[in-house]
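Q: give me a model of this one.
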Amino acid sequence: MTIPTLSLKGISAAQTPARVDMEIYFEALGNRYHRDQNPTGTFPMNVAENHLCWDILREKIQQITRENDIPEWVASYGDPSGIPDFREATAIFLSKFLIKKPIDPNTLACSVGATSVIEMTAFLLANPDSTAVIPAPSYPVYTGDIGVFPGVKRYDLQTHLELEELKNGIPISIAQLEKSKEEIESSGSNFSMLILTSPDNPTGGIYSEKQLRTITDWCISHQIHLVVNEIYGLVRINHQHPDLIQDYPQPIEFISFGSIMQEYESPYLHLWHSFSKDFGISGFRIGTLHSYNEDLIKAYKNVGLGHSISNYTQWTLTEVLKDMDFLDSYFSAFQEALTESYLIVRSTLKELNIPFNPSYGSLFIWMDLSEFLKEKSAKSEEELWLNIYQKSGILLTPTAGFGHQKHGLYRIVITSFDHEDLQLAMKRLKDYVNAKRSSR
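A: Numbers count the residues shown, from 1 in each chain. As a prediction, this is how the structure comes out:
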């Protein structure tokens, strides 16, 4: 008999990958397409990374490191929730570009990436075995982020079935929230958190100001923590582009939840942000919590040492955030590049008559490939996902974990490759779809 060398949690961790597609993702990365060195390579388009304007930001960072001496304090310990200069620079940045209202740096706590912020927030706000409600479909790794260490359960709230139901925004209602609360409490758990993502992952939808205010009032009245994840808050497509405007007959204006929070200053309202997606620096590992709950910020400081960001990283990004002229030009270039990527993928899906949800933002398009399923089942979804990869080299995000009731919906990341390479990836997708239809 083999004696286990790990704890029960350790055994579970060893047997449970963070994502079901990680092994095949690393395989695809090892054979990634390159127009000269590997023209028959693969297109991993399943992980939410933004590679569009890294060259612009890299040049700025290189300039900073060439022209400035590293401060003495960088080599020392600092505030676990972020050094004061970094939190101040982040507060000014969020005030100008996202929230559009001044915010106090003391309402911010920072740690190593969005994953850390989500985990820490759930750990500090919700008791183990309580439940977080998340409208489906949604980010699969929320399950691990709120569950592995905080021990919080995930409840996938089914707000719709078909893509067509998203045309006027994400159709969440108070009646749905009331029903989920009754089901959770009847199961012996407690509805402790509601997590919204705006712009949404994977649908690209956004919540209107009216929706946010209605949900805010409901959550406060029931003492439920409302957290809005705006990690894609600055990853917004120009839906006023002349080639896109017809897709949005009743356009929704993006309003940061931070502006609503400032009016209420409620201990039940919180916002998440990260520099990973808008700046395309996932590897820098910088996430931010914004909250007027003073006890939450204090608790974050007290237990956040193991989640603190490297001082060198904080210093470097602080210098970037000080240059408002650079930030203006960067985000102008980024939105233009993002919109072009979206146009490339959108035009392909339109040509192929593949249903998709018109996106307001994020790094994705959420599309319906259910016509190619052998049957409406999770097994058939996985078979199709693998077949697309094997035949075309395109690795989509698998459907497992999104928590949605309809089979055959897949996410494609539109920012993994430059525009020339993305065009080739779309040609491969066309060839695959046409061959699949011909074979039937």
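
Q: please count neighbours and contacts with C-alpha atoms only from this point.
A: Fine.

Q: what's the neighbour count on I70?
A: 14 (other Cα atoms under 10 Å).

Q: does it sit in a helix or strand, and which one?
A: Using DSSP states H and E, I70 maps to neither a helix nor a strand.

Q: what comes up buried for the least confident helix or strand in the chain by mean pLDDT?
A: Lowest mean confidence among the helices and strands of the chain (mean pLDDT, DSSP states H and E): helix 8-15, at a mean of 85. By 16 or more other Cα atoms under 10 Å, helix 8-15 has no buried positions at all.

Q: CA atoms only: put it into PDB for me.
A: C-alpha atoms of helix 8-15 as PDB (Å, rounded to 0.1, in the frame of the first residue of the first chain):
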ATOM      1  CA  LEU A   8      -6.000  15.800   1.100                       C
ATOM      2  CA  LYS A   9      -5.900  19.200  -0.500                       C
ATOM      3  CA  GLY A  10      -2.500  18.500  -2.000                       C
ATOM      4  CA  ILE A  11      -3.800  15.200  -3.500                       C
ATOM      5  CA  SER A  12      -6.800  17.000  -5.000                       C
ATOM      6  CA  ALA A  13      -4.500  19.800  -6.400                       C
ATOM      7  CA  ALA A  14      -2.200  17.200  -8.000                       C
ATOM      8  CA  GLN A  15      -5.100  15.500  -9.700                       C
END
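
Q: may I see the buried residues of the helix or strand following it?
A: Toward the C-terminus, helix 8-15 is succeeded by helix 22-30 as the next helix or strand (DSSP H and E). Neighbour counts over helix 22-30 (16+ other Cα under 10 Å) mark 25, 28 as buried.

Q: which helices and strands does helix 22-30 pack with?
A: Applying 3 or more Cα pairs under 8 Å, 6 or more residues apart in numbering; DSSP states H and E, we find helix 22-30 packed against strand 43-44.

Q: please state the offset of the least confident helix or strand of the chain from the chain centre?
A: On the basis of Cα atoms, centre = their mean, to the nearest Å, helix 8-15 sits 26 Å off its chain's mean C-alpha point.

Q: same question for stretch 62-73.
A: So, by Cα atoms, centre = their mean, the centroid of stretch 62-73 is 31 Å from its chain's centroid.

Q: before we move on, what about stretch 132-149?
A: Stretch 132-149 sits 11 Å away from the centroid of its parent chain (Cα atoms, centre = their mean).

Q: that stretch: which residues count as buried?
A: Of all the residues in stretch 132-149, those buried under the rule 16+ other Cα under 10 Å are 132-140, 142-147.

Q: what domains does the record give for this protein?
A: Domain ranges of the chain: 8-55+327-439, 71-323, per automatic domain parsing.

Q: which one of those lies closest to I61?
A: Evaluated with Cα to Cα, the domains of the chain place domain 71-323 nearest to I61, the distance being 7.1 Å.

Q: quick one: end-to-end length of that closest one, please.
A: Using Cα to Cα, to the nearest Å, one end of domain 71-323 lies 18 Å from the other.

Q: pull the distance from it to the chain's centre.
A: 9 Å.

Q: if I look at Q314, how far off is G82?
A: Taking Cα to Cα, one finds Q314 at 8 Å from G82.

Q: now Q158
A: Using Cα to Cα, Q158 is found at 37 Å from G82.

Q: more neighbours, those two?
A: Shown here are Q158 and G82; by other Cα under 10 Å, G82 has more neighbours (27 against 18).

Q: thought the more buried one was touching S111?
A: Yes. At 7.1 Å, G82 counts as touching S111 under the criterion of Cα atoms under 8 Å.

Q: so what sits against both of these two?
A: 308-309 (Cα atoms under 8 Å, 6 or more residues apart in numbering).

Q: quick one: residues in contact with the helix or strand hosting T121.
A: Assigned by DSSP H and E, T121 falls within helix 113-125. For helix 113-125, contacts defined as Cα under 8 Å, 6+ apart pick out 110-111, 145-146, 149-152, 192, 225, 231, 272-274, 276, 282, 284-289, 296, 299-300, 304, 307.

Q: likewise stretch 408-426?
A: Contacting residues not belonging to stretch 408-426 are listed as 35, 43-52, 202, 338, 340-342, 344-345, 348, 363-371, 373, 376, 381, 394, 396-399 [Cα under 8 Å, 6+ apart].

Q: quick one: mean pLDDT over that stretch.
A: Per-region confidence: stretch 408-426 scores 97 on mean pLDDT.

Q: in it, what counts as buried?
A: Neighbour count says stretch 408-426 has 408-419, 422-423, 425-426 buried, by 16+ other Cα under 10 Å.

Q: about what we covered before: please name every helix or strand in contact with the following helix or strand past the helix holding T121.
A: Next in sequence after helix 113-125, counting helices and strands by DSSP H and E, comes strand 131-136. The contact analysis (3+ Cα pairs under 8 Å, 6+ apart) places strand 131-136 against strand 153-158, strand 191-197.
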